[in-house]
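*Asks:* Structural data only, the sequence is not supplied:
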């Protein structure tokens, strides 16, 4: 049915409506997103008129478009939503959380319907339960839908409530009003056979001419009021007229003139059945041609007066200000800029041997090139940067469903949504963050009764904060739940055969939850038991070059901080020399460096070596021996220690010399060669040599064993 | 050539209306809401205004009322596009001074048909 009507509509009046579909889909998606946001933010007790209006407008806009472009299933559902929302904004009904649930579910169903129309496949979305629920709410009945947050798009059979009364029944219940167009007919009398048909079969409903019996170009138009399906009607009609000569469409099509209105045609044209009208004596009517001359008289009096514009999103403004580009194109651009940066660095290095006083123009040209290259690189990188709100926006809905499922009351607070992060990272951080948020809701926040007993507010709070700190982005997931229990974690760890001495620091104990197979919940719920443990979260974040830290206060909640590099493609590095080789250390992990004498390095247990730094002993990692760096000069030894930190541990790396700091373009080693232990990637230096980037996390782990 | 101001907050509707009208030989200026339309109406002359009813910032009814207050648009045909064909809406349109209404969804041919009745 929906496909048929789409085909009908898509070719109306020789204009191919399908050319507007893409705009409609994008617009509908935007409207659905803002409707969801508005619904989630809606304060049920004291709903703001402007918010209710805004929600109404979203549904209204989708309905208008879907009806025009022939997506009748979308139009049907949005029409019901709009009816409900209209009653809400007129204060004929008060909003309830059940209504919000149904509207949210309807939004999901609309997304599925639209996705299907966009050709992504999928089964036909069954919205009959939603339609029934909304109708019941419109008529003021108790909601019949369970508050289950299951996606409405799944056609799960819900208990069917009592027959749903139609909202504002203009037509008798179950009856539909259709417009029937027949033709072109060689014999117009054939159309009268259809009228006879309705006289013979009383159950069919009623038929009346829309054109006053006057055929236009061999076409006849009728209004049909019926309870029969389109197919039943068409089958019957084919006894008299050919199938392809019959078009059935919903009779909402129409227009009208106000008699006497300006510009309205003479009265005989005013025909309400056509669904349009002109007002009588209204301005703009062609009848008032005498005054018509005035219309073209230029007038300077029309001065625009700002009518209290509200800060409202104007969807139209978006079209001209954004441009959709495929990610591949952007990545290619980034790669090219990366090469350019390397070339520029090479030129800069080579020019050092040139006397600037002799080649002044060359020098200033190179300086310009350097500055422009940096700017270009920053601009290009910013293309890939997207705000954290892209990640955060999925959580309010998830939290709502989750809290409902667990019977908890949770408020989600997000801060720093505008903080920008590389698109590649955003995609990869979403799953770990989702898990952390779920975890806080499931294990952290207590049941409402338990919270009240502890003197806490009944509603728990989960706070998501994103911020820039130096060259990293820090995302915090905080909750005001029960926090971690040291004793419980230690005994649990021992149960699992994990070594957990009592002397462990708190931070070490908290880190136990990242151990594989560790779960602190006494009962694994279907929320937390999704197959992804905290160990996977930790591993994923580490793979992104990030770190996770936990802070907890028992009874007051906990905070998980995820620290990530801003982008995976470029990094600030410190280059160090070992023998003839150059290695890059991520600058963010470098703490300090100092010269050592052989006496300060102590050997323990045969192979382990420690260095004393300000009364503190630190494991020493000799890069020379780890990477088997060949020595030309056996007399020379590494005499510089660089202290680096990762995963909560510090090690001192022994290097020959510190070469400098620079931005490096990270090249994936695995993609170009293979995985190498202790190496996270490679880069090309200014002189064209390849330098390996050290995986500090891996070096720290190595020192622990 | 007749010039038409097409006002709708929905980009897809605006495109469709605009395309249809241009196809039929009209000159079309688009506005994204009543406020935008009001500003454009202050700068340009139009032979017809075709406006959506429900829009942010300024709705079609308010736009109609404001246009009618201006001598320049005292007799210009103004058609309101609406999804509600209720009498209440029609009366609101009438009171504001609209020339007529057209119920959404409409097909492009019907739009041209209605416009043909008011622009001659």
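*Replies:* The structure has been received and is ready for your questions. The model shown is predicted, which means the values in this text are computed figures rather than measured ones.
*Asks:* so how far is residue A:505 from the residue most central in space within chain A?
*Replies:* The structure's chain A has its C-alpha centroid closest to residue A:390; by C-alpha atoms, centre = their mean the separation is 4.7 Å. Distance of residue A:390 to residue A:505, computed by C-beta to C-beta, to the nearest Å: 36 Å. Just so you know, the C-beta spots here come from the backbone N, C-alpha and C atoms, and that holds for glycine as well.
*Asks:* Dihedrals phi and psi, the residue of chain B found nearest chain A?
*Replies:* Closest approach of chain B to chain A (C-beta to the nearest C-beta) occurs at residue B:77, with a separation of 2.5 Å. Dihedral pair for residue B:77: phi -60, psi 130, per degrees, to the nearest 10.
*Asks:* any idea how far residue A:563 lies from residue A:101?
*Replies:* Noted for residue A:563: a distance of 37 Å to residue A:101, by C-beta to C-beta.
*Asks:* Who has more neighbours out of the two?
*Replies:* Neighbour count, other C-beta atoms under 10 Å in any protein chain shown: between residue A:563 and residue A:101, residue A:101 has more, with 22 against 18.
*Asks:* And that one, how far from chain B?
*Replies:* Per C-beta to the nearest C-beta, to the nearest Å, residue A:101 is found 25 Å from chain B.
*Asks:* looking at this, that residue is in a strand?
*Replies:* No - applying DSSP: H, G, I helix; E, B strand; the rest coil, one finds residue A:101 to be helix, outside a strand.
*Asks:* ok, now which ones touch the closest residue to chain B within the stretch 401-550 of chain A?
*Replies:* Closest approach between the stretch 401-550 of chain A and chain B, counting by C-beta to the nearest C-beta: residue A:417, at 22.5 Å. Taking C-beta atoms under 8 Å, 6 or more residues apart in numbering or on different chains, we find residue A:417 in contact with A:387-389, A:392, A:466.
*Asks:* Could you give the backbone dihedrals for it?
*Replies:* Dihedral angles of residue A:417 (phi, psi; degrees, to the nearest 10) stand at phi -60, psi -30.
*Asks:* go on, the one 3 residues further on?
*Replies:* With angles defined as degrees, to the nearest 10, residue A:420 sits at phi -100, psi 150.
*Asks:* Now for it: which residues touch it?
*Replies:* Counting by C-beta under 8 Å, 6+ apart, the residues that residue A:420 touches are A:382, A:385-388, A:566.
*Asks:* Tell me which of those fall in helices.
*Replies:* Using DSSP state H, the subset of those located in helices is residue A:382.
*Asks:* Among the contacts of residue A:420, which one has the most neighbours?
*Replies:* residue A:388 (24 neighbours).
*Asks:* wait, the residue of chain B closest to chain A sits on residue B:118?
*Replies:* Yes - counting by C-beta atoms under 8 Å, residue B:77 touches residue B:118, with 4.1 Å between them.
*Asks:* Which one's more surrounded, those two?
*Replies:* Per other C-beta under 10 Å, whichever of residue B:77 and residue B:118 has more neighbours is residue B:77, with 33 against 25.
*Asks:* Could you report the neighbour count for residue B:46?
*Replies:* Neighbourhood size, residue B:46 [other C-beta under 10 Å]: 24.
*Asks:* Angles on the backbone of the closest residue to residue A:399 other than its chain neighbours, please.
*Replies:* Nearest in space to residue A:399, with sequence neighbours left out and distances taken as C-beta to C-beta, 6 or more residues apart in numbering or on different chains, is residue A:412 at 4.6 Å. Dihedral angles of residue A:412 (phi, psi; degrees, to the nearest 10) stand at phi -110, psi 130.
*Asks:* Turn the contacts of residue A:420 into TSV, including distance to residue A:645.
*Replies:* Putting these into TSV (distance: C-beta to C-beta, whole Å) gives the following:
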residue	distance to residue A:645
A:382	29
A:385	27
A:386	29
A:387	29
A:388	25
A:566	19
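*Asks:* want to try a markdown table for the contacts of residue A:420, with pLDDT and distance to chain B as columns?
*Replies:* A markdown table is the format used below for these (pLDDT from 0 to 100; distance: C-beta to the nearest C-beta, whole Å):
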| residue | pLDDT | distance to chain B |
| --- | --- | --- |
| A:382 | 81 | 27 |
| A:385 | 82 | 26 |
| A:386 | 84 | 22 |
| A:387 | 85 | 23 |
| A:388 | 86 | 27 |
| A:566 | 69 | 34 |
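*Asks:* Report the two of the contacts of residue A:420 separated the most.
*Replies:* Largest separation among the contacts of residue A:420 by C-beta to C-beta: A:382 and A:388, giving 14.7 Å.
*Asks:* surely residue A:35 meets residue A:107?
*Replies:* Yes - if you go by C-beta under 8 Å, residue A:35 and residue A:107 touch, sitting 6.0 Å apart.
*Asks:* one step back: OK, contacts around the residue nearest to the centre of chain A?
*Replies:* Shown in contact with residue A:390 (C-beta under 8 Å, 6+ apart): residue A:426.
*Asks:* What backbone torsions are found at it?
*Replies:* Taking degrees, to the nearest 10 as the convention, residue A:390 sits at phi -60, psi -30.
*Asks:* Model confidence for it, exactly?
*Replies:* Looking at residue A:390, its pLDDT is 83.
*Asks:* next one: residue B:87
*Replies:* Reported pLDDT for residue B:87: 69.
*Asks:* picking up where we left off before, from residue A:417, how far off is the residue nearest to the centre of chain A?
*Replies:* For residue A:390 relative to residue A:417 (C-beta to C-beta), the value is 9 Å.
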